[in-house]
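> Next comes the sequence, and after it the predicted model I'd like to discuss.
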Amino acid sequence: MKENSQSPITISVIKADIGGYVGHSASHPEIIDLAEDKLKKAKKEELLIDFYVTSCGDDLELIMTHRQGKDSEKIHKLAWDTFMACTELARELKLYGAGQDMLADAFSGNVKGMGPGVAEMSFVERKSEPVIVFCGDKCAPGAWNLPLFKIFADPFNTIGLVIDPTMHDGFRFEVHDVFEGRDMILSCPEEMYDLLVLIGSPENYVIKNVYKKDGEIAATSSTQKLALIAGRYVGKDDPVMMVRCQSGFPAVGEVLEAFAFPHLVSGWMRGSHYGPLMPVAQREATPSRFDGPPRVIALGFQLAEGKLIGPRDMFDDPGFDLARKEANRLAEFMRRHGPFEPHRLGLKEMEYTTLPQVLKKLLEREKQG
Ligand code: 13P
Ligand code: 13P
Ligand code: MG
Ligand code: MG
């Protein structure tokens, strides 16, 4: 296919925690530099059109544009090799949890199921194509359920659903059943209550994609659950998502508005606590208090023939000061519960932490005693 503005471009966001500096609080600058060097080389070789490397807490995100399509072995291998090189450097620097998300020994065609989180979408670029990339730390993939619902189905958040004729038909949500592995499509506003039955349980059901009614992709998120891949606790998944904005999609401000409410998500300390998701500037994505509270950053780009014009650090705005204040107030309230539910996750969600080992010991003592 001739590469012109009519051929689809793909934007891939692939992320991994390859080691934290200090503890689980941030990424080391040398790690970011190394990842940039690797992707610069791939851009020179014309595998990538463009790229941007960022971090949210201890998670390293590779934002890449290309014409290889989704699930491209070449792109996934590039991400895998980059994370492996960064892991090696993390080991040299003895960063914390070096290689934390690199769960497989060798690359086998696609990074899905190997530890890293993946969100990808392909589309023909519009006349103007604003895209926002969201990255979370100290939270699970279900963290996007509430904001995605607000952005694409709640008229109290998104006035465009009411007054914009190009959005008035609503959107379709593809929901992933985390434990059974199947996907369901629910259409809003018609099936809104059915959708809420599912996505109100973000540990079980995760919104994977959102589409316009004509099938055009609007948003996508990473749904990989590390504990289900590894069968043990290996840190929280710290998901990413991407949303297309304006002209038939929600406006940039409608997309960001969903994060003005710092809703409670699972994650935080040892991946075992509920806490508020605080929207912050990238420079403030360094969770420290009780390894938190959970963070989300929003990087805005204008695409121009696949080039990433940006980013703009979208939560770096006094308009989100109140959300941050509210998040801190909620964090304090939740923290006062100490080891009690519902600050600490329920027993079912604690299954993949170290708590069952302690519980088992205790129950054995009970039997003897
Ligand atoms: P402008 O009039 O600045 O283009 O804004 C339109 C809009 O949709 C804002 O949400
Ligand atoms: P991460 O999932 O960000 O590595 O955090 C793990 C943890 O245990 C924080 O206390
Ligand atoms: Mg970590
Ligand atoms: Mg993390």
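On my side now, so go ahead. These figures come from a predicted structure and were not determined experimentally. Ligands and ions are numbered 1, 2, ... in the order given.
> anything in the host helix or strand of Val131 near ligand 2?
Using DSSP states H and E, Val131 falls within strand 129-137. Yes. Figure legend: strand 129-137 in contact with ligand 2 (CB under 6 Å from any ligand atom); contacting residues Asp137. For the C-beta atoms, the positions are set from N, CA and C on the backbone; glycine is no exception.
> Which strands and helices lie in contact with that strand?
Using 3 or more CB pairs under 8 Å, 6 or more residues apart in numbering; DSSP states H and E, the elements in contact with strand 129-137 are strand 9-16, strand 50-56, strand 59-66, strand 240-244, helix 252-257, strand 295-304.
> These: which one's closest to ligand 3?
When these are compared by CB to the ion, strand 59-66 sits nearest ligand 3, at 7.5 Å.
> and the angle for the closest one with strand 129-137?
Counting by axes from the mean of the first three to the mean of the last three CA atoms, to 10 degrees, strand 59-66 lies at 160 degrees to strand 129-137.
> quick revisit: tell me the gap between the next helix-or-strand element following the strand holding Val131 and the middle of its chain.
The helix or strand immediately downstream of strand 129-137 is helix 145-153, counting by DSSP H and E. On the basis of CA atoms, centre = their mean, to the nearest Å, helix 145-153 sits 14 Å off its chain's mean C-alpha point.
> and the nearest residue to Thr54 once chain neighbours are set aside, what does it touch?
Using CB to CB, 6 or more residues apart in numbering and skipping residues adjacent in sequence, the residue nearest Thr54 is Glu61, 5.0 Å away. By CB atoms under 8 Å, 6 or more residues apart in numbering, the residues touching Glu61 are Val13, Ile14, Lys15, Val53, Thr54, Ser55, Val133, Cys135, Val240.
> Can you tell me which residue is spatially central in the chain?
Val240 (1.8 Å; CA atoms, centre = their mean).
> thinking it is in contact with Cys135, fair?
Yes. Assessed by CB atoms under 8 Å, Val240 is found in contact with Cys135 at 5.0 Å.
> picking up where we left off before, make JSON lines out of the helices and strands packed on strand 129-137 and add mean pLDDT and distance to ligand 4.
Shown next, in JSON lines, are the helices and strands packed on strand 129-137 (pLDDT from 0 to 100; distance: least, CB to the ion, whole Å):
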{"stretch": "strand 9-16", "mean pLDDT": "98", "distance to ligand 4": "9"}
{"stretch": "strand 50-56", "mean pLDDT": "98", "distance to ligand 4": "8"}
{"stretch": "strand 59-66", "mean pLDDT": "98", "distance to ligand 4": "4"}
{"stretch": "strand 240-244", "mean pLDDT": "98", "distance to ligand 4": "11"}
{"stretch": "helix 252-257", "mean pLDDT": "98", "distance to ligand 4": "22"}
{"stretch": "strand 295-304", "mean pLDDT": "98", "distance to ligand 4": "9"}
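> Switch these over to TSV; also include distance to Pro339.
Formatted as TSV, the helices and strands packed on strand 129-137 follow (distance: least, CB to CB, whole Å):
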stretch	distance to Pro339
strand 9-16	30
strand 50-56	27
strand 59-66	26
strand 240-244	30
helix 252-257	35
strand 295-304	23
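> Gly142: which of these is closest?
For Gly142, the closest of those is strand 240-244, at 11.6 Å, according to CB to CB.
> sorry, back to before: minimum distance to Met192: which of the helices and strands packed on strand 129-137 has it?
Met192 lies closest, by CB to CB, to one member of these: helix 252-257, at 17.3 Å.
> name the helices or strands packed onto that closest one?
Right, helix 252-257 is packed against strand 129-137, helix 145-153 by 3+ CB pairs under 8 Å, 6+ apart.
> tell me the contacts of the residue of the stretch 51-200 of the chain found nearest ligand 3?
As assessed by CB to the ion, ligand 3 sits closest to Asp58 within the stretch 51-200 of the chain, at 4.1 Å. Contact analysis of Asp58 by CB under 8 Å, 6+ apart lists Asp17, Gly19, Gly20, Tyr21, His24, Ser25, Ala26, Ser27, Tyr96, Gly97, Gln100, Asp137.
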